[in-house]
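Peer 1: okay, sequence plus prediction incoming.
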Amino acid sequence: MKNIQTNFQGFRVMGTGPRLLICFHGYGQTVDVFSPLSKMQDKYTLLSIALPYHSDNYALDRKLSVNYPLGIYHFILYFAKKHQFNSWEICGYSIGARLAQFCYTQNPKKCDALYLVAPDGVGQNYFFSTVTHRLFNPLFKKVMKRSDLLIKSIQLIRKTRVISASLSSFAQQNIGSKEQSQKVANTWIALRKAKISNSKLLYYLEEYNTPYFLVRGKFDKIITAKKLRGFTKKAPVYRVIALPANHVSVLTSFFQWFKEKRLKNED
C-alpha cells in the first residue's frame, strides 16, 4: 500500500480545525461536494475522499481496484499520522457510505462519530452483491458496455411498475452513455469488498459506544425507509434522523442539520 501514501490524489483537504472529519461522496459527485461543511465552523479539518474512478487518479484507481476500500483506509492512517490526528469522524453519503462503514469497522476505537446519509450498503442489496462478485463482474462489465440496451430495458421494466419513476430516472441519468455505464461498473466492482453486514456494524457501534446517526430523506425514492428498516428497527430512535428531502437534496439538508444540531449543541 506504499503507492497510495505518495501517489494518491483523489482527495481534497478543507479547513484547519483540530478535529478530522473524513467524507465520502456519492456516485457522480466530486470531493468538492462537502465544501459547505468547511465554511460552517473552524472546528474541523475535512478530508474529502473520492470514489474510485471519480478523480484524475485513474491509473492508481485501477491498481487499487483489487481492494480499493483497504487502500483508502491505509491512506487515512497515513494522512492522520502525518497531520497528527489521533482520531476522526466519518461521513458517507449514498454509495460513499459503503466506504464510510468499511473504514469505521477497520478500527472503531479511532472513530469519534459516524454519519451515514441516505446510505447505500445499509440493508441487503442482492443485486450489488451478485453483479460485483468476482465470478460475475466480467459479465457485468460486458453488459454495461451496451448503455442503449440498458436504457431500453429500464424503460420496459418501468412500464411494469416494478421500479418507481424516480429510480428509473436516476438509473438512466447514470448510464446515459457507454462511458457513463462503464464508470458505474468500474466503481461498483472496485467497492465490492466494502460490504459490512448490519449485524456487524451495529455490534461495533454498540461495543465501542460510537455516536452515530443515520440520516435519511423523507421523500427519498432511491434509499427508502423500507430499505433501511433492517438497520433502523434495531437502532435507538434518536439515532435515525428523517429530513424533508429527496435523495439528491438530503445531503444539503444534512449540512444544515450538522450545523444547527451537532455543532450548536457542542458550543
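Peer 2: Alright, I've got the coordinates. Numbering: from 1, shown residues only.
Peer 1: what's the burial count for the closest residue to residue 19 other than its chain neighbours?
Peer 2: In space, and not counting its chain neighbours, residue 19 is closest to residue 44: 5.1 Å by CB to CB, 6 or more residues apart in numbering. All C-beta atoms are positioned from the backbone trio N, CA, C, and that covers glycine. Residue 44 has 22 neighbours, counted by other CB atoms under 10 Å.
Peer 1: report the contact partners of residue 44.
Peer 2: For residue 44, the contacting residues are 15, 17, 19, 20, 21, 37, 38, 89, by CB atoms under 8 Å, 6 or more residues apart in numbering.
Peer 1: export those to a markdown table and tack on pLDDT, secondary structure and distance to residue 238?
Peer 2: As requested, the contacts of residue 44 are exported to a markdown table (pLDDT from 0 to 100; DSSP: H, G, I helix; E, B strand; the rest coil; distance: CB to CB, whole Å):
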| residue | pLDDT | secondary structure | distance to residue 238 |
| --- | --- | --- | --- |
| 15 | 90 | coil | 27 |
| 17 | 91 | coil | 26 |
| 19 | 94 | strand | 22 |
| 20 | 96 | strand | 25 |
| 21 | 97 | strand | 21 |
| 37 | 90 | helix | 22 |
| 38 | 84 | helix | 27 |
| 89 | 97 | strand | 18 |
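Peer 1: distance check, the residue nearest to residue 19 against residue 13.
Peer 2: Going from residue 44 to residue 13 by CB to CB, to the nearest Å gives 11 Å.
Peer 1: try residue 71
Peer 2: Taking CB to CB as the measure, residue 71 falls 18 Å from residue 13.
Peer 1: settle it for me: which of the two has more neighbours?
Peer 2: The residue with more neighbours, out of residue 71 and residue 13, is residue 71; 20 against 14, by other CB under 10 Å.
Peer 1: any idea which helix or strand carries the more buried one?
Peer 2: Per DSSP states H and E, residue 71 falls inside helix 68-82.
Peer 1: any idea how far that helix is from the chain center?
Peer 2: The chain centroid and the centroid of helix 68-82 are separated by 16 Å under CA atoms, centre = their mean, to the nearest Å.
Peer 1: again with stretch 89-97
Peer 2: 4 Å.
Peer 1: show the model's pLDDT score for residue 2.
Peer 2: Note on residue 2: pLDDT of 53.
Peer 1: go on, the one 10 residues further on?
Peer 2: Looking at residue 12, its pLDDT reads 94.
Peer 1: neighbours around the residue lying closest to it once chain neighbours are set aside, how many?
Peer 2: Closest residue to residue 12 apart from its sequence neighbours, by CB to CB, 6+ apart: residue 31 at 4.2 Å. By other CB under 10 Å, the residues close to residue 31 number 22.
Peer 1: my guess is residue 31 contacts residue 49, does it?
Peer 2: Yes. Counting by CB atoms under 8 Å, residue 31 does reach residue 49; the two are 6.8 Å apart.
Peer 1: which residues are in contact with both of these two?
Peer 2: Shared contacts of residue 31 and residue 49 (CB under 8 Å, 6+ apart): 10, 11, 23.
Peer 1: in strands, which of these fall?
Peer 2: With DSSP state E as the criterion, strands contain 11, 23 from among those.
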